[in-house]
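**Student:** output the structure for:
(chains A, B, C and D)
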2 protein chains.
Amino acid sequence: MNTIKDVAKEANVSIATVSRVINGKDKVKKETREKIQRAIEKLNYVPDQAARTMKINRTRTIGMVVPLLSNEYWAKLAEIIQRALIKKGYTLIISTTNYERESDNPCLTTLLERKVDGLIIGTLFKGEEAEKEKYIQMFIDQRIPLVSFSHINNNITSISGDNLRSSMEAVEYLIRLGHQKIAFIGSISTGMDRELGYRNALMLNDIAVDETLILSDKHEHVYFFSQYGYQCAKELVLSNKEFDAIFCSNDLIAIGAIKALEEMGLDVPSDKVVVGFDDIDMAGLYRPALTTVKQPIEEMANAAIDVLIEQIENPVENYVQKKIIFPMQLMIRESCGGQKKT
Amino acid sequence: MNTIKDVAKEANVSIATVSRVINGKDKVKKETREKIQRAIEKLNYVPDQAARTMKINRTRTIGMVVPLLSNEYWAKLAEIIQRALIKKGYTLIISTTNYERESDNPCLTTLLERKVDGLIIGTLFKGEEAEKEKYIQMFIDQRIPLVSFSHINNNITSISGDNLRSSMEAVEYLIRLGHQKIAFIGSISTGMDRELGYRNALMLNDIAVDETLILSDKHEHVYFFSQYGYQCAKELVLSNKEFDAIFCSNDLIAIGAIKALEEMGLDVPSDKVVVGFDDIDMAGLYRPALTTVKQPIEEMANAAIDVLIEQIENPVENYVQKKIIFPMQLMIRESCGGQKKT
DNA sequence: CTGAAAGCGCTAACAG
DNA sequence: CTGTTAGCGCTTTCAG
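**Tutor:** Numbering: from 1, shown residues only, chains lettered A, B, ... in the order given. Presented below is the predicted three-dimensional model:
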C-alpha cells in the first residue's frame, strides 16, 4: 500500500506538498502539482481515510437506520440518499434493525463507534423506544446531527409526507365515488396519521366510524405487510360485515388485500374497491393497478440530506429542529374503478 | 469526545491498561479492570475506530457494490449480508452504481479509500468492465479479498445459482406442459446463462430455435425491467408471431409481460403462459401468481460471507478462487396453468 | 510556494 | 500485571 510518503519520494517533494495537491485548497505551482499528480497516478495512490479522519476529526460518514431493505420504500430512500451523499463526498452506512432489539443487533452502537458525522433515522417504534432512545441521546450528547423520517420528538428534525391530509383526501375520494362503508387496514409501523386521516374524513362527511371496520395492529410489528393485508381482508369478508371499500395504510397491505378478495371471488374494483399508500413500483404494475398515495420520496430524501449536511458543515449552537412536511399526491389508477379498467 | 486518555486519567491508570481492558486479550487485575470499566461507563467512552484502524491496519469494514437497491434481489442480498456481517463485528458499506461510470459515481474508489477489508461485487456489466476492471485489479493488487455474485474471471471467487441448469428445467417444464412455441425475453444484465439454458432445452427436445422469438437485449443496460418486459411482450403479440409461452429472464420482466398480455386481451395462463426467474416476494402475490425459479439467496449470501471472512481472517498465499454454484428450485404457481388458478 | 515537524487516538512491543 | 513509548498516514501550523 502506497502512502503519501511514497508519492512524495517519487515526486521529489515533501509530504506536505502532496497533501496540498490532494486537498486542492492551498496554492501549488503548476509544474509541481503535475509532477505530483503523475506520481499519484503511477503509484495508484489512494489517500487513507482513517488517517485523514484522525486529523480532521470528521469521518465524512453518515449512518442510516431502517427496519429492512427488502421493503421497497426503505430501499429506495436508502438508495437515493447513498447516491446523493457520495456526490457530496460522504459515505453512507446502512444498518437494518430488522425490528430487533439494539442488544441483539447493535445498529446504533456500531454507528456510534464509527463516529458517523450524522445519523438518519428511518423509523423507531414504540416498543423499541425505551432502549433506542438511550442511544439516540448519546448521539445528541455528542452533538451528532440527526434527521428522522418519522416524528420522534421536537428535538429532532423530522421529514415526512403529509399523511394526515393525504389519507383524508384518499378517503374523501372514496366517499365521492359513492362509498360509505369504508374499512381500514393499517399497522402502527405505518404511523398513526393515516388512520387518523381516515377517521377525520369519515367524521367530516358525517359517516359514523364503525370500529369493527378498522383493523389496526397497534401492538406488534408487522413483518410481512402483504400477508397482513391478506389476512385482514379475509377476516373482513368472513365476518360478514358490510363494506364496499378498503383504505390500506400501505401498498403491500393493499396488494395482499386484493389478492384475498379475488381469491374469495370478489372482483376489484367491481365488487370491492381498495386504495393503498406509498406508490411503490409494483402499484402501477399490479392487476388491477393500484390507486394510491404517492410520497415525494426523492424530495424527502434530498431534504433530509440538506438538513443534515447543513448541520454538519455549519454547526450552530441551538440549531432549530423543525418538522418538514411534504404534500403527497393521490394516484388514481384502476383499483377504485375511478378509471376504466383496461 | 472522550479519548482513552480521559479514561486513563479518570481511572488512574495508563492508557495501555485501558487498551488492554477494551480489547480484553491481555490479563488485567480484576480490580483494575472494574475501575476502568466504571470510568468508561461514566465517561460514555467509545473507542475511536479510525485510530484503531491506523494501528492494526484493518477496518473491519466490507464494501459491497450493486447496481440498485430498488431491485428486490439486490436489496435482499444486501440486507442479509449486512445483518450477518454485523454479527461478526464487521460493518458493510453498500455502494450503488446505478449503471453509471466509475468516474461519475465513484463507488469503487470510495471503497478503496475507506480501505475495506473485503469487497463483495454484485455484478459488473460488459460495458463497464474496461473501466471498472482497473479498479478491481487495484483491490487484487492490494490483496483485498473479493467475492462476486457473477462470474468475472477465474481469479475471483464467484457465487451464483445454477442458471444454465435451472432455465433448462424451466423451459423443459413448459415443453412438458405441451408448449412448443416458446419465446424468450431477457437482458444481458441477468446474465447469458439463462438464455443459453433456454436454447439448450429447445435443442435437446428437438425444437427448432426461432431467433425471432428471442428478444434479448445484448447492448444496453435495462433500467426498468418490468417496462422492458411489457414492451417486448407487446412487440411479440403485435408481430403476429405465433407463440404460446414466454420464458423471462427475471420476474420483473415476467410481470411486465403479463401486464401487456392481459392489456391486449390475452389471458395468462389460459391464452399464453409465462415463467419468470428469481422468485421475488411479488411473484407469489401477483395475479396470476408467477411460476418462477427460486434462488437460494440466503445460502448464497452466507457462502459469500464465509468465503470472504475466511480470506480476511486467515489469509494464505494463493488462495484457491472457486466457482460456487447453487441449485435453484422451480416454483410452480399459476402463471403456467400447471396448477389450478384459484 | 514549499518543507519540517507536531500531533490526532490507538495498539503493541518492550521494560519494569 | 502495568507503564512507557514508538509509530500508523495524514493535515496543518509555522518557518523559510
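**Student:** ok, the residue in chain A that DNA strand D sits nearest to - contacts?
**Tutor:** In chain A, the residue that lies nearest DNA strand D is A:Ile4 (2.8 Å; C-beta to the nearest atom of the strand). Heads up, the C-betas are built off the backbone N, CA and C, glycines and all. The contact partners of A:Ile4, by C-beta atoms under 8 Å, 6 or more residues apart in numbering or on different chains, come to A:Ile15, A:Val18, A:Ser19, A:Ile22, A:Tyr45, A:Pro47.
**Student:** swap in A:Pro269?
**Tutor:** A:Pro269 neighbours (C-beta under 8 Å, 6+ apart): A:Pro288, A:Glu334, A:Ser335, A:Cys336, A:Gly337, A:Lys341.
**Student:** select from the residues you listed the one having the most neighbours.
**Tutor:** With neighbours taken as other C-beta atoms under 10 Å in any protein chain shown, the top of the contacts of A:Pro269 is A:Ser335, carrying 30 neighbours.
**Student:** can you report phi and psi for that one?
**Tutor:** Phi and psi for A:Ser335, reported as degrees, to the nearest 10, are phi -70, psi 0.
**Student:** contacting residues for it?
**Tutor:** A:254, A:258, A:268-269, A:273-276, A:286, A:288-291.
**Student:** how about 7 Å then?
**Tutor:** By C-beta atoms under 7 Å, 6 or more residues apart in numbering or on different chains, the contact list for A:Ser335 reads A:Ile258, A:Val268, A:Pro269, A:Val273, A:Val274, A:Val275, A:Pro288, A:Ala289, A:Leu290, A:Thr291.
**Student:** can you pick out the most distant pair from those residues?
**Tutor:** A:Val273 and A:Ala289 (13.1 Å; C-beta to C-beta).
**Student:** more crowded one of these two?
**Tutor:** Taking neighbours as other C-beta under 10 Å, A:Val273 and A:Ala289 compare with A:Val273 leading, 24 against 19.
**Student:** name the nearest of the contacts of A:Ser335 relative to A:Gln329.
**Tutor:** A:Thr291 (11.5 Å).
**Student:** surely the closest one is in contact with A:Met331?
**Tutor:** Yes - between A:Thr291 and A:Met331 a contact is recorded at 6.5 Å, counting by C-beta atoms under 7 Å.
**Student:** ok, the two, which is more surrounded?
**Tutor:** Legend: neighbour count by other C-beta under 10 Å for A:Thr291 and A:Met331, higher for A:Thr291 (27 against 17).
**Student:** please tell me how far that one sits from B:Arg58.
**Tutor:** 52 Å (C-beta to C-beta, to the nearest Å).
**Student:** quick check: closest non-adjacent residue to A:Ile152.
**Tutor:** A:Leu124 (6.1 Å; C-beta to C-beta, 6 or more residues apart in numbering or on different chains).
**Student:** surely that neighbour is within a strand?
**Tutor:** No - counting by DSSP: H, G, I helix; E, B strand; the rest coil, A:Leu124 is not found in a strand; it is coil.
**Student:** next, the contact list for it, please.
**Tutor:** A:Lys132, A:Ser150, A:Ile152.
**Student:** which pLDDT value belongs to it?
**Tutor:** For A:Leu124, the pLDDT comes out at 77.
**Student:** same check, this time on the one 4 residues further on
**Tutor:** Listed pLDDT for A:Glu128 reads 63.
**Student:** which of the contacts of A:Leu124 sits closest to A:Ile159?
**Tutor:** Each of the contacts of A:Leu124 was checked against A:Ile159 using C-beta to C-beta; the closest is A:Ser150, at 8.9 Å.
**Student:** around the closest one, count how many other residues there are.
**Tutor:** Number of residues near A:Ser150 (other C-beta under 10 Å) recorded here: 18.
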